[in-house]
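> Got a predicted structure plus its sequence, pasted below:
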Amino acid sequence: MSSRTVVTGWLTQNVGFPFNESELSPSVRAKIGQLTELRQQVEIKHNSISQRQAEVARLKAQKTSNLTWIIILLILGALLVIVIVGAFLLLGGFLLYRRRKKIDTQIQQRVAEMVMTDKIRAHVRRGKAPPAKHDIRPLGLASQKAGSEPGFCPSEN
């Protein structure tokens, strides 16, 4: 429906009877033309506002979707950091365990050396010959059976 028809319909409702536009005075017809232009401007503005509202609604939906993805990616990133840090911590723990075992072996060797030095000194004081070379081994290895666990001593059973 054209804007001119809409404005004429409003005028018909306000006057209370139907009429033809040719029956109106030129000044009333000019005012109807002005109202028609205003009506068209209002429709254009209304359509523009409706388009912008639709665009705002679309952007809000996109913003919500982006927020969801941001949260998901942050959670996945945090989990990945935890996994990476955890792997490094496990590796560090394993390396410290190996170092501890190595230090343990060194301690046993030093203790065995001290014991053997004491045995040699005791034999020298008594005037005896030092023990045979095959007896000079770190503690735990001298009494170790083939295929048994380190530190196994049959006298401990």
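Sure thing, it's come through.
> State the pLDDT value of the most far-flung residue of the chain relative to its centre.
Distance from the centre of the chain peaks at residue 23, with 76.7 Å (C-alpha atoms, centre = their mean). Per-residue pLDDT puts residue 23 at 79.
> Quick check: the gap between it and residue 8.
As judged by C-beta to C-beta, to the nearest Å, residue 23 and residue 8 stand 11 Å apart. Every C-beta, even on glycine, is put in place using the N, C-alpha and C of the backbone.
> And residue 82, by the same measure?
Applying C-beta to C-beta, the value for residue 82 to residue 8 is 74 Å.
> which one of those two has more residues nearby?
Remark: of residue 82 and residue 8, residue 8 carries more neighbours, 19 against 10, as counted by other C-beta atoms under 10 Å.
> That one: helix or strand, and which one exactly?
helix 3-15 (DSSP states H and E).
> And that helix, what does it pack against?
With contacts taken as 3 or more C-beta pairs under 8 Å, 6 or more residues apart in numbering; DSSP states H and E, helix 3-15 sits against helix 26-126.
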